[in-house]
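Novice: below is the structure, and that's it, no one-letter string:
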């Protein structure tokens, strides 16, 4: 079964001054957003509910505002690209591309939340959730009932996002862990452009 991608995200951040060593999670979120014009990181993802548990991994790339590349490499290849206007989802095994307006999907995936400048603050109420281990956590609750996620938690260390936990409206729990982050690296514009491969079936999403 293909890994589930909660057409999410994706969560995001705003103060360019470094936060103190034990800064609140909300303060670290703001510093993370303000200090990450671009970001690349490896990720591992676990999606679970009472009937399943799916693991996947890959790489995330972000260029604010609004551009992202979320690429699964295990256990199956899948590519999700937001070019600022259009959201593309490419499944090589099915030779199928799904296309939808990115504005309608922004905030519905972890990558989209992270790629925005203040998407999570616009759509969710933020609260401090305390320290667990070496991570400071915040909890985000939706301001509107029709948000994709009913709950989001984000864990930070030294102004860097380390973990996200998301619960969606279908009862799926998603945990994403980020590793080997690189901030403000040069990411070519071509990384956030997508052209459907020749022979692929292109369908319009909702």
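Specialist: Received it, and whenever you're ready, just let me know what you need. A quick note: this is a predicted structure, and the numbers were derived from the prediction, not measured. Numbering: from 1, shown residues only.

Novice: quick one: residue 100 from residue 161, how far?
Specialist: 26 Å (Cβ to Cβ, to the nearest Å). In short, each C-beta sits where N, CA and C put it, glycine included.

Novice: please enumerate the strands of the protein.
Specialist: Along the chain, the stretches classed as strands by DSSP state E are 38-49, 52-63, 67-74, 78-83, 86-91, 96-101, 124-132, 135-142, 149-157, 160-168, 173-183, 201-204.

Novice: which of those strands sits closest to residue 192?
Specialist: strand 67-74 (4.1 Å; Cβ to Cβ).

Novice: tabulate the strands of the chain (a markdown table), appending distance to residue 189 and mean neighbour count.
Specialist: Shown next, in a markdown table, are those (distance: least, Cβ to Cβ, whole Å; neighbours: other Cβ atoms under 10 Å):
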| stretch | distance to residue 189 | mean neighbour count |
| --- | --- | --- |
| strand 38-49 | 11 | 18 |
| strand 52-63 | 8 | 18 |
| strand 67-74 | 9 | 20 |
| strand 78-83 | 9 | 21 |
| strand 86-91 | 15 | 20 |
| strand 96-101 | 19 | 16 |
| strand 124-132 | 30 | 14 |
| strand 135-142 | 31 | 20 |
| strand 149-157 | 28 | 21 |
| strand 160-168 | 24 | 20 |
| strand 173-183 | 17 | 16 |
| strand 201-204 | 22 | 10 |
